[in-house]
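Student: Sharing a model that was predicted from the sequence below.
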Amino acid sequence: MRLFLCAVTLLLLLIVPARAEHSLQLSAELGRSAPGGFAPVPPNVPTPAVPRLPDPSQEVRDELPPMPTIDLTTPPDDLWQRMRNGFSMPDLNSPLVADRQAWYLNRPDLLKRIFERSRRYLHHIVDELEKRGMPTELALLPVVESSFNPLAYSSARALGMWQFIPATGKTYKLQQNAWFDQRRDIVASTGAALDYLQTIYEMHGDWHLALASYNWGENAVARAVAKNQARGLPTDYLSLKMPVETAYYVPKLQAIKNIIAQPQVFGITLDPIPNRPYFATVERSENMDIALAARLAEIPVEEFIALNPAYSRPVMPSAANSPLVLPADKVQTFLANLQSHEAQDKPLSAWFTHNLKKGEKLDAVARRYGLTLVRLKQLNGINARTKVVPGFALLVPGKDAVGHDALAARLPQTPASPPKAVKAKKGKTMKPGGKPKKGAVTAKIRKPVVKPKKR
């Protein structure tokens with residue numbers, strides 16, 4: 001039995017290799033004969049190495065560029081970029097936007113002057129908007145209103161960077177008298193303008209309608225909305241009928257916003273504005289001469305007036321209850337020089353007041369103090385609309401009031417008669433999204449400083 005098992009095992013060992021060799025020969029023959037089969041590999045030819053496929057995940061990671069990100073946790077160095085990050089108003093799509101873009105882009109020198117003036121004020125405005133959670137493109141509204149000129153004065157007696165008319169200024173507690181007008185005050189007028197914009201936004205729930213109200217008046221816009229509602233028509237900005245000026249108002253702001261958002265697309269170079277306060281405020285409790293304040297801060301009088309444009313006379317009265325606005329890097333200089341000035345027991349004002357007596361004439365007062373009548377009126381902001389009555393406090397120079405003539409010529413004054421508005425052809429209204437109605441103005445658009453307001 002054991003001998004039989006050994007014989008079977010030996011037989012299997014002989015049969016298996018033979019069958020394997022036969023299978024290999026059969027496969028080779030099939031390779032030669034089968035149509036489309038693989039050609040046999042010639043003897044003595046090395047088999048080529050199979051290329052290794054790349055790792056798909058590695059390939060995607062290497063070829064795709066990293067996604068650009070904006071780090072909102074770190075304040076940008078450039079104020080323009082900070083403003084762009086806060087743009088949040090819906091864009092207005094209207095042919096008038098392209099029209100206004102072309103208007104501004106064809107006046108690069110004007111844009112440059114406007115942006116240069118804005119450097120003093122933009123940081124404060126953007127800061128205040130962010131504190132209130134308001135869209136930062138509203139910081140560009142003074143471009144439309146006044147070209148960022150705090151001394152701008154319109155045909156409707158609208159005054160300052162934000163162009164407040166007297167009645168609205170009083171509503172928002174902006175003081176107005178012969179000594180100073182807070183409609184020109186940088187800090188006070190900005191606060192009042194943002195208060196007003198918040199109020200009319202809450203009224204309409206729409207920023208475009210709020211801006212139309214700022215220009216045309218909230219009651220006028222409310223009537224236009226009610227009229228469309230009664231007719232079953234849409235009540236958005238582009239659907240309302242309004243004066244030509246108001247129809248162009250939001251498109252102007254949108255045009256400026258587009259230019260600031262992508263200046264490179266329009267071939268505009270924006271000089272960076274440092275993202276830090278341009279000015280700071282210093283409290284005061286006494287009358288102080290403008291010339292002295294500028295000298296203590298070691299800045300030109302023109303720069304001082306640009307930051308403190310509310311004052312119409314050479315003396316800043318303590319009754320104004322307004323702090324001094326100085327370049328941020330000059331505050332310590334001012335305080336040190338003020339301390340030295342007071343240590344020498346020098347007065348803060350070289351001017352005093354003369355109360356007009358009953359029956360006393362202005363020319364007699366002028367002769368008494370060695371002034372011409374014209375100069376006395378100029379120093380006191382007296383024009384044809386000024387009521388000069390007994391008890392009127394006239395500002396007159398003391399012996400140490402040096403250079404008062406030159407200073408008086410630089411101080412902002414409110415003209416007796418507002419500038420005339422650009423005459424327009426007769427035309428009723430237009431829709432902001434379309435072409436003006438027949439007879440409406442298209443070529444001549446009123447400049448921001450000479451436009452009527454009804455708010």
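Tutor: Nice, I can see it.
Student: Any figure for the gap between the residue lying closest to Ile299 once chain neighbours are set aside and Thr199?
Tutor: Leaving aside its sequence neighbours, Ile299 sits nearest to Lys330 (CB to CB, 6 or more residues apart in numbering; 5.9 Å). Every residue, glycine included, has its C-beta placed from N, CA and C. According to CB to CB, to the nearest Å, Lys330 and Thr199 sit 35 Å apart.
Student: Looking at the two, which is more packed in?
Tutor: Lys330 (19 against 14; other CB atoms under 10 Å).
Student: where in the chain is pLDDT low?
Tutor: 1-73, 402-405, 408, 414-455 (pLDDT under 70).
Student: And the strands in it?
Tutor: Ranges of strands in the chain, per DSSP state E, are 279-282, 288-289, 315-316, 324-327, 351-355, 393-397.
Student: Run a quick check on Ile268 versus Ile259, I expect a contact.
Tutor: Yes. Using CB atoms under 8 Å, Ile268 is in contact with Ile259, at 5.9 Å.
Student: neighbour count winner among the two?
Tutor: Higher neighbour count among Ile268 and Ile259: Ile259, with 22 against 16, using other CB under 10 Å.
Student: Now do the same contact list for that one.
Tutor: 101, 104-105, 111, 266, 268 (CB atoms under 8 Å, 6 or more residues apart in numbering).
Student: Selecting buried members of these in ChimeraX, what would you type?
Tutor: Buried residues among the contacts of Ile259 (16 or more other CB atoms under 10 Å), as a ChimeraX selection:
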select :101,104,111,266,268
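Student: JSON lines for the contacts of Ile259, including distance to Lys252?
Tutor: JSON lines is the format used below for the contacts of Ile259 (distance: CB to CB, whole Å):
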{"residue": "Gln101", "distance to Lys252": "9"}
{"residue": "Tyr104", "distance to Lys252": "8"}
{"residue": "Leu105", "distance to Lys252": "13"}
{"residue": "Leu111", "distance to Lys252": "13"}
{"residue": "Phe266", "distance to Lys252": "15"}
{"residue": "Ile268", "distance to Lys252": "16"}
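Student: Inside helices: which ones of the contacts of Ile259?
Tutor: Counted as lying in helices by DSSP state H, out of those, are 101, 104-105, 111.
Student: Would you mind listing the residues touching both of Ile268 and Ile259?
Tutor: Shared contacts of Ile268 and Ile259 (CB under 8 Å, 6+ apart): 105, 111.
Student: got the contact list for Asp289?
Tutor: Applying CB under 8 Å, 6+ apart to Asp289 gives the contacts 314-316, 348-351, 401.
Student: With Val389 instead?
Tutor: Each residue near Val389 by CB under 8 Å, 6+ apart is listed here: Leu356.
Student: Distance check, it against Ile268.
Tutor: Counting by CB to CB, the gap from Val389 to Ile268 is 53 Å.
Student: And for His204?
Tutor: Separation of His204 from Ile268 (CB to CB): 32 Å.
Student: try Ser285
Tutor: Counting by CB to CB, the gap from Ser285 to Ile268 is 45 Å.
Student: same thing with Ser322?
Tutor: On the measure of CB to CB, Ser322 and Ile268 end up 36 Å apart.
Student: ditto for Glu130
Tutor: From Glu130 to Ile268 the distance is 25 Å (CB to CB).
Student: How many neighbouring residues does Glu342 have?
Tutor: Using other CB under 10 Å, Glu342 is surrounded by 11 other residues.
Student: With adjacent residues omitted, what lies nearest to it?
Tutor: Distance criterion CB to CB, 6+ apart; nearest residue to Glu342, sequence neighbours excluded, is Leu348 at 7.9 Å.
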